[in-house]
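Q: Need coordinates for the below:
(one chain, ligands or ions: 1)
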Amino acid sequence: MKIAFIGYGNMSSALISGVLSSGKFNNSNDITIFHNKKKSEFNLEKCIFLESGSESKDYFDIIFLCVKPKDIEKAINQNINIFRDNQSVVSVAAGVCISSLKKIIKKNVSITRAMPNLCAIYNESITGICNSNESDTERKNYIEDIFRSIGHVRKINEDEMHEFTALFGSGPAYLMYFYEALMECGNFKNISNEDKSLLLMHLLNSTSKMLFVTKDVKKLRSTVASKGGTTEAAIESLEEKNFKKIISKAIEVAKKRSIDLSG
Ligand SMILES: NC(=O)c1ccc[n+]([C@@H]2O[C@H](COP(=O)([O-])OP(=O)(O)OC[C@H]3O[C@@H](n4cnc5c(N)ncnc54)[C@H](OP(=O)(O)O)[C@@H]3O)[C@@H](O)[C@H]2O)c1
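A: Numbers count the residues shown, from 1 in each chain. Have a look, this model is predicted:
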């Protein structure tokens, strides 16, 4: 299998380090990266770097599109000669649908849309995947395995992509925002901001460990929020301000933005 990546930013570098560490691609000719910048700006020995598709005569089994949605049409057209019939094209671009990609590529390719998240950098992505009808099972499995090398994978329908993007694609930012909000609380004479940050990270980490093993989150929460206690007072204050509704509204807004961006 030969694979190509168009674009070399956050997402493709995470994917490439995932596939390299998975051991699937050991030959340095297996992976080619097309990027509109000079190779000297990067440091990746195990891949071929080319500035544009016109420099390549290779046939690629799978082409990953890893540029921002606004750059996708230009990036495909700049590299159009690497697209051939019967290839698999994988797009991680938020909001760009399978039918639009087919119109731009104008070849008989099968298309997979994937929505990973930033945790891909630590091989902990949550990725939603959907395939166009003509994708063959072997290739689909292969592509899924590549995403499994950077975390968890769930198959979804294309019409669920907006919802998935809003919840899991943007999800890391929501939790970081919550961490930021907690960072702004509590002034301690003997705890530096650096230490407070570390303690909050431990708090998020240990709480998620408890979530993994519990069957009943509300019951678990009630063991911290005892009747008439401090935690219950704080949760009541959040409920008075409709905290869950605020979160749900934010996810709806993200979903709507994803729909709007898809044109
Ligand atoms: N980051 C995330 O958490 C995340 C999560 C899910 C999905 N995604 C999707 O992943 C895609 C990439 O996001 P990213 O965060 O990796 O963006 P990024 O870091 O900006 O990477 C995109 C790279 O593509 C390059 N590029 C732009 N036009 C090009 C062209 N014509 N030919 C070749 N390369 C070109 C950009 O170069 P310049 O900097 O010079 O423009 C940039 O280095 C987006 O579509 C996004 O929706 C991202």
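
Q: Residue of the stretch 101-250 of the chain closest to the ligand, please.
A: Per C-beta to the nearest ligand atom, Leu118 is where the stretch 101-250 of the chain lies closest to the ligand, at 3.7 Å. All C-beta atoms are positioned from the backbone trio N, CA, C, and that covers glycine.

Q: Find the residue closest to that residue in space, skipping its chain neighbours.
A: Nearest non-adjacent residue to Leu118, counting by C-beta to C-beta, 6 or more residues apart in numbering: Pro172, 4.9 Å away.

Q: what about whichever strand or helix holds the one you found, average pLDDT?
A: Per DSSP states H and E: Pro172 is located in helix 171-183. Averaged across helix 171-183, pLDDT comes to 97.

Q: ok, now stretch 130-140?
A: 86.

Q: now stretch 68-84
A: Stretch 68-84 comes out at a mean pLDDT of 95.

Q: cool, and stretch 242-258?
A: 96.

Q: wait, does it make contact with the ligand?
A: No. Applying C-beta under 6 Å from any ligand atom, one finds stretch 242-258 separated from the ligand by no less than 9.7 Å.

Q: Worst mean pLDDT across the helices and strands of this structure, which element?
A: Within the chain, judged by mean pLDDT, DSSP states H and E, the helix or strand with the poorest mean is helix 10-22; its value is a mean of 83.

Q: Check the offset of it from the chain's centre.
A: On the basis of C-alpha atoms, centre = their mean, to the nearest Å, helix 10-22 is displaced by 12 Å from the centre of the chain it belongs to.

Q: Please spell out which residues along that helix are buried.
A: Met11, Ser12, Ser13, Ala14, Leu15, Ile16, Ser17, Gly18, Val19, Leu20 (16 or more other C-beta atoms under 10 Å).

Q: In PDB, could you pull the C-alpha coordinates for stretch 85-100?
A: Below are the C-alpha coordinates for stretch 85-100, written out as PDB (Å, rounded to 0.1, in the frame of the first residue of the first chain):
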ATOM      1  CA  ASP A  85      -9.900   5.800 -10.600                       C
ATOM      2  CA  ASN A  86     -10.400   3.100  -7.900                       C
ATOM      3  CA  GLN A  87      -8.400   5.000  -5.200                       C
ATOM      4  CA  SER A  88      -9.600   5.600  -1.700                       C
ATOM      5  CA  VAL A  89      -9.700   9.200  -0.600                       C
ATOM      6  CA  VAL A  90     -10.000  10.000   3.100                       C
ATOM      7  CA  SER A  91     -11.000  13.500   4.100                       C
ATOM      8  CA  VAL A  92     -10.700  14.800   7.700                       C
ATOM      9  CA  ALA A  93     -12.000  18.300   6.600                       C
ATOM     10  CA  ALA A  94     -14.900  19.300   8.900                       C
ATOM     11  CA  GLY A  95     -18.200  19.900   7.100                       C
ATOM     12  CA  VAL A  96     -17.000  19.000   3.500                       C
ATOM     13  CA  CYS A  97     -19.500  16.300   2.400                       C
ATOM     14  CA  ILE A  98     -18.800  13.200   0.200                       C
ATOM     15  CA  SER A  99     -20.800  14.500  -2.800                       C
ATOM     16  CA  SER A 100     -18.800  17.800  -2.800                       C
END
